[in-house]
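Peer 1: dropping the sequence and predicted coords here.
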Amino acid sequence: MAGDLHILVDEHAAGQRIDAFLGAQEHAPSRSACARLIDAGAVDVNGETCTSKKYTVVAGDRISVELPEEREPGAVIPQAIPLDIRYEDDYLIVLSKQRGLVCHPAHGHADGTLANALVYHCGLEHLGTLQGEDRPGIVHRLDRDTTGLMLAAKDDATQRALQDLIRLRTLDRRYIALVHGYIAHDEGTINTGIARSTRDRVKMAVSDDPFARQAITTFRVLERFEAGRFDDGYTLVECHLYTGRTHQIRVHMRHINHPLVGDPLYGKGKGSDRADLGLTRQFLHSWRVRFTHPVTGEEIECRDTLPWDLAAALEEIKDTSLGRTPAGDEIVPQLL
């Protein structure tokens, strides 16, 4: 399981480079490993993602490090797992991840991951390994049961450039979510800290702890559905990620009392089977990515329709629709 390291810089440590400072801390990995964590966007200073290994720490800085989960030893073996590739060139891949596919080997998932499939498709020598050779090509992650578009990189330079786009909030990632309840406003912004839950270490939680990592999600309502006998209605939303914290959309929508339909961690819990429309996983789908290609300068945009189980859930409630918003009129037909 991933852990978190929180450090308050004292005056005696001020002036050090952040990678050297972190590498000297108890329970932290080596300086070079800390440098890779900075490259991967896993280090925050005062709630903001640190973008440079050369940053000089200042007394009073609050530094948070998201340590990687336990990993299975050994190189990632190639496995012929089908990949639904939507764009590919010599530098990167945009693919649609299927339900149930873990992104990379970790404790309990030694193989059968997206990383294994990428090694089979490209060869380990043709994938970026900034995050280690057990995470070849991985730029960002989707939860195991979240579907849709994500990126992979074929070399270290492209991997670093794509991660920089995420840190600089210029990689446009849009998700579709069906949530419980009626959202009255057509759009909104959720801007909070997110940290690991103190009650359940598997979960993340909105937190005002000084070491919590800033998380920003905006959403637009696409369609609303009236309440029924076994539910309190639904709202279909498009979410735009400005940061990429673990479980961010799931945590944020639960925070505003509109948990995702079917979510086993943050949803309504036991007794909500009917309200969850038969889903056994969260209704969350990465439907669109748009970015400037870091090598060619080309504008890349890919879109992805809903998988069958999410489309079936929408079909089940279509007769209770209260109408689509202008954004819904534009987007919903592209999803089905």
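Peer 2: Great, that's in hand.

Peer 1: output the longest helix belonging to the chain.
Peer 2: helix 156-167 (DSSP state H).

Peer 1: list the contacts of whatever helix or strand comes next after it.
Peer 2: Of the helices and strands lying after helix 156-167 in sequence (DSSP states H and E), the nearest is strand 172-180. With contact meaning C-beta atoms under 8 Å, 6 or more residues apart in numbering, strand 172-180 is reached by 148, 219, 222, 231-241, 244, 249, 253, 258-261, 267-268, 275, 282-291, 306, 310, 313-314, 331, 335. Every residue, glycine included, has its C-beta placed from N, CA and C.

Peer 1: and stretch 96-111, by the same measure?
Peer 2: Under C-beta under 8 Å, 6+ apart, the answer for stretch 96-111 is 1, 69-72, 76-77, 79, 81-82, 84, 86, 112-117, 134-135, 138, 141-142, 144-150, 281, 286, 304, 307, 309.

Peer 1: again, only using 6 Å
Peer 2: The contact list for stretch 96-111, computed with C-beta atoms under 6 Å, 6 or more residues apart in numbering, reads 69-72, 84, 113-115, 134-135, 138, 141-142, 144-145, 147-150, 304.

Peer 1: stretch 19-27 too?
Peer 2: A13, A28, S30, R31, C34, A35, K53, V57.

Peer 1: got a winner among the residues you listed for most neighbours?
Peer 2: Most neighbours among the contacts of stretch 19-27, by other C-beta atoms under 10 Å: C34, with 24 neighbours.

Peer 1: give the contact list for that one.
Peer 2: D19, L22, G23.

Peer 1: which residues does V332 contact?
Peer 2: By C-beta under 6 Å, 6+ apart, V332 lies in contact with L222.

Peer 1: that one falls within a helix, correct?
Peer 2: Yes. Applying DSSP: H, G, I helix; E, B strand; the rest coil, one finds V332 inside a helix.

Peer 1: next, count neighbours for L165.
Peer 2: L165 has 17 nearby residues by other C-beta under 10 Å.

Peer 1: my read is that it contacts L171, right?
Peer 2: Yes. Counting by C-beta atoms under 6 Å, L165 touches L171, with 4.0 Å between them.

Peer 1: list residues touching both of those two?
Peer 2: Common neighbours of L165 and L171 (C-beta under 6 Å, 6+ apart) are F291.

Peer 1: and the longest helix of the chain, how far out from the chain middle?
Peer 2: Relative to the chain's own centre, helix 156-167 is displaced by 15 Å; criterion: C-alpha atoms, centre = their mean, to the nearest Å.
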